[in-house]
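1. here is my input, please return the structure:
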Amino acid sequence: MAHTVEWRVHLYLFEDEGTTKARVELDTGATALTGRGVARCNPADTDVPEIGDELAAGRAMHDLAQQLLSAAERDIGGSDTSMTGPDARQAAGWPM
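-> Predicted coordinates:
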């Protein structure tokens, strides 16, 4: 059963006085989710904006990933009651 979909993801980065904020928005066409992340520069550190961008963006994507996993687990739980317990996450998706 071949199935192809396109999801659009937009990543926004904002910097303000040593703090980088990231927002990543996912639009599946049927659902919209938003992940958020923040990185703060220690005043004693050298100002390297790329590091804050990477941390904030990574944290926002991690937040979004957790939301997607939670949604998938709810969907699996709603369609197959035998998928419960500590092995439920590992059974879903590709083997790790």
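2. please count neighbours and contacts with C-alpha atoms only from this point.
-> Noted.
3. how about the one helix or strand residue 34 maps to: buried residues?
-> Using DSSP states H and E, the element containing residue 34 is strand 32-40. Within strand 32-40, the residues that count as buried by 16 or more other C-alpha atoms under 10 Å are 34, 35, 36, 37, 38, 39, 40.
4. can I get it in CSV, CA atoms only?
-> The C-alpha trace of strand 32-40 is given here as CSV (Å, rounded to 0.1, in the frame of the first residue of the first chain):
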residue,chain,number,x,y,z
ALA,A,32,-1.2,21.8,13.3
LEU,A,33,1.4,21.4,16.1
THR,A,34,3.9,23.9,17.6
GLY,A,35,7.1,23.1,19.3
ARG,A,36,9.0,25.6,21.4
GLY,A,37,12.6,25.9,22.6
VAL,A,38,14.8,28.4,24.4
ALA,A,39,18.6,28.9,24.8
ARG,A,40,20.2,31.5,27.0
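5. and residue 73, how many residues sit next to it?
-> Neighbours of residue 73 under the rule other C-alpha atoms under 10 Å: 17.
6. kindly report the same for residue 24.
-> Neighbour count for residue 24, taken as other C-alpha under 10 Å: 22.
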